[in-house]
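*Asks:* no sequence on this one, just coordinates:
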């Protein structure tokens, strides 16, 4: 084996913007799988495109050299060649193919030479002088991205008709694409046509096989299929439309502490580079299997819960019998990205929050082995609940920001959790968190942090300026989703948000009875508006309106929180300015105030409760 090796490392940047550039589900799915194929199997992807689009061109001009080995994972790909010219040729042709077929993609690529017998692809425990080539190349990629220069991309020469979705020149519908496959309603760029073709293949073969036909938790799997664009158009048509039903949820999920797990893996030591490559392949496969298994279980769970959600989406069964029959074997979600710990899917607006909760709780049942020890998996989820005509790329961007909010809270609360759990581990406490945001019709949110600072704080007597950091917060989001054995944070999804929702829904139900004193919908919505005026305004309004919260016998004395409308989170000595409070902890006089009912009130028209997660 040659001692000198030549490595090419690359990654695709701005993935979400590329995937969600249009509101067509097939193009979203296709864009996701284009990125996956460019990373994992570019040879097969481009060979297929040659055969379909460029059969008249000499394939050798664009055919990629075959590597001796490859390493794929963590958002990047590394291809290893014996000859320098092969590595250079691969880099040139990969770049040329992407420009030719997928000009909307942003690719960063670096090359490096190594001594296979002396240098290592991993940190060398016994010899600190050996070069850790993979980390070195990742650093080179980061530097290259940091040096990204602003440039103007010339999309066309100005004489072609422009694609309304991408700005690229439109392409006549190729003769080899059958009318049964794609029905273009407007001229589009060739890139979008190819994304849709890849989306068709992914939907009909890859995703269906991976998540439905090979789903060990699903009986009679062959009769089911995922949500499609035509289903949405029918459900959201004028005949079936309502403000609630015409919302979608874009869900973004990203694994927690994966960098720490990867570091543990690479630090365990390897005999040589060949062993590292084999072990790394198994490691990434285990991660992919765990996240796939959680998704399969979520599908089964949704189908079992059909009676809980179908009327909220399809309307009255007696009036929409035909729709119910057509949707009988349709799984009410659509996978977009399922690559390792990076997950994104689309579902109906009213069940989006609960579907994300179910996925996270199934994921918490999964683990991966590292050095003979099982490490259980956790992740954060962001749920953007958007009108179905809202730009998908904006919704996906919002979902990503919401997902990041969960990670930020876990990091912010780290020192407090160490005190609670009695340790100072470098890894810290790990669990799942979930954040969400509803986009009202006609609205738009680009920066969730700025938006919440402006609209989710309230004045009080000590801080009349609602923009002050000490001002009461109207939202507790993001919420914790924790194992039953853990000490519970007050901002716990099940114990606080869902409990508040149960109280409100029980009150609404009781208000319909004769001579009931329970607040109805109008009073609860009035309370939501009063929350914006601050703590004293809420207290005065409750007394003036004799607002009394009733709850069912089942929930009676569950905990003593239903009659309070704000709760103080003490500011920790470690400097957590947002406060930290455990469930059922003693009240404090000083701290940051959080509204108890506001999050539930905001979701009252966008929420359907699904069943609890159990082991499958």
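*Replies:* That came in fine, so what should we check first? Only a predicted model underlies this, so the values are computations on that prediction, with no experimental measurement involved.
*Asks:* quick check: residue 249 is in a strand.
*Replies:* Yes - with DSSP: H, G, I helix; E, B strand; the rest coil as the criterion, residue 249 is assigned to a strand.
*Asks:* ok, residue 517 to residue 12 distance?
*Replies:* Applying C-beta to C-beta, to the nearest Å, the value for residue 517 to residue 12 is 59 Å. (C-beta placed from N, C-alpha, C; glycine too.)
*Asks:* more neighbours, those two?
*Replies:* residue 12 (20 against 12; other C-beta atoms under 10 Å).
*Asks:* tell me how far the more buried one lies from residue 340.
*Replies:* Residue 12 is 14 Å from residue 340, by C-beta to C-beta.
*Asks:* just residue 360 next, same as before
*Replies:* 16 Å.
*Asks:* looking at these two, which is more packed in?
*Replies:* A direct count of neighbours by other C-beta under 10 Å for residue 360 and residue 340 places residue 360 higher, at 25 against 21.
*Asks:* ok, what's across the strand from the closest residue to the more buried one other than its chain neighbours?
*Replies:* In space, not counting the residues next to it along the chain, residue 360 is nearest to residue 432; the distance is 4.3 Å by C-beta to C-beta, 6 or more residues apart in numbering. Residue 432 has these beta-bridge partners by DSSP bridges: residue 481.
*Asks:* check contacts around residue 432.
*Replies:* Residues near residue 432 by C-beta atoms under 8 Å, 6 or more residues apart in numbering: 256, 360-361, 363-364, 378-381, 406, 480-482.
*Asks:* in JSON lines, list these along with pLDDT, distance to residue 310 and secondary structure.
*Replies:* Putting those into JSON lines (pLDDT from 0 to 100; distance: C-beta to C-beta, whole Å; DSSP: H, G, I helix; E, B strand; the rest coil) gives the following:
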{"residue": "256", "pLDDT": "95", "distance to residue 310": "33", "secondary structure": "coil"}
{"residue": "360", "pLDDT": "98", "distance to residue 310": "23", "secondary structure": "helix"}
{"residue": "361", "pLDDT": "98", "distance to residue 310": "22", "secondary structure": "helix"}
{"residue": "363", "pLDDT": "97", "distance to residue 310": "25", "secondary structure": "helix"}
{"residue": "364", "pLDDT": "97", "distance to residue 310": "27", "secondary structure": "coil"}
{"residue": "378", "pLDDT": "97", "distance to residue 310": "31", "secondary structure": "coil"}
{"residue": "379", "pLDDT": "97", "distance to residue 310": "28", "secondary structure": "strand"}
{"residue": "380", "pLDDT": "98", "distance to residue 310": "29", "secondary structure": "strand"}
{"residue": "381", "pLDDT": "98", "distance to residue 310": "23", "secondary structure": "strand"}
{"residue": "406", "pLDDT": "97", "distance to residue 310": "30", "secondary structure": "helix"}
{"residue": "480", "pLDDT": "98", "distance to residue 310": "30", "secondary structure": "strand"}
{"residue": "481", "pLDDT": "98", "distance to residue 310": "25", "secondary structure": "strand"}
{"residue": "482", "pLDDT": "96", "distance to residue 310": "30", "secondary structure": "coil"}
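*Asks:* which residues in the stretch 1-150 of the chain form helices?
*Replies:* 15-19, 25-40, 42-53, 84-101, 133-146 (DSSP state H, counting those that start in this stretch).
*Asks:* those: lowest mean pLDDT?
*Replies:* Note on the helices of the stretch 1-150 of the chain: helix 42-53 shows the lowest mean pLDDT, a mean of 80.
*Asks:* what helices and strands are in contact with it?
*Replies:* Counting contacts by 3 or more C-beta pairs under 8 Å, 6 or more residues apart in numbering; DSSP states H and E, helix 42-53 packs against helix 25-40, helix 84-101, helix 190-201.
*Asks:* got the angle for the second one vs helix 42-53?
*Replies:* An angle of 40 degrees separates the directions of helix 84-101 and helix 42-53 when computed by axes from the mean of the first three to the mean of the last three C-alpha atoms, to 10 degrees.
*Asks:* kindly report the same for the shortest one.
*Replies:* Taking the same axes, to 10 degrees, one finds that helix 190-201 is oriented at 110 degrees with respect to helix 42-53.
*Asks:* for residue 564, what are its contacts?
*Replies:* Contacts of residue 564 by C-beta under 8 Å, 6+ apart are residue 596.
*Asks:* what do you get if the cut-off is 10 Å, keeping everything else the same?
*Replies:* Contacts here follow C-beta atoms under 10 Å, 6 or more residues apart in numbering; on that basis residue 564 touches 549, 587, 596, 597.
*Asks:* now name the helix or strand holding it.
*Replies:* Here residue 564, judged by DSSP states H and E, is contained in no helix and no strand.
*Asks:* gap between it and residue 22?
*Replies:* For residue 564 relative to residue 22 (C-beta to C-beta), the value is 46 Å.
*Asks:* with residue 510 instead?
*Replies:* 46 Å.
*Asks:* local confidence estimate at the residue nearest to residue 360?
*Replies:* On pLDDT, residue 432 comes in at 97.
*Asks:* can you check the one 5 residues further on too?
*Replies:* pLDDT for residue 437: 98.
*Asks:* I'd say it and residue 477 touch.
*Replies:* Yes - using C-beta atoms under 10 Å, residue 437 is in contact with residue 477, at 8.2 Å.
*Asks:* shared neighbours of those two, anything?
*Replies:* Common neighbours of residue 437 and residue 477 (C-beta under 10 Å, 6+ apart) are 402, 405, 448, 452, 602.
*Asks:* for the first one, which non-adjacent residue is closest in space?
*Replies:* What sits nearest to residue 402 in space, not counting adjacent residues and going by C-beta to C-beta, 6+ apart, is residue 382, at 2.8 Å.
*Asks:* that's a strand at the one you found, yeah?
*Replies:* Yes - assessed by three-state DSSP, residue 382 belongs to a strand.
*Asks:* mind listing the residues bridging to it?
*Replies:* residue 252, residue 435.
*Asks:* for the spatially most central residue of the chain, what are its contacts?
*Replies:* Here the mean C-alpha position of the chain is nearest to the C-alpha of residue 252 (C-alpha atoms, centre = their mean), at a distance of 0.9 Å. Contacts for residue 252 (C-beta under 10 Å, 6+ apart) come out as 16, 336-337, 342-345, 356, 380-384, 395-404.
*Asks:* ok, so what distance separates it from residue 396?
*Replies:* 7 Å.
*Asks:* residue 336 in helix, strand or coil?
*Replies:* Going by three-state DSSP: residue 336 is strand.
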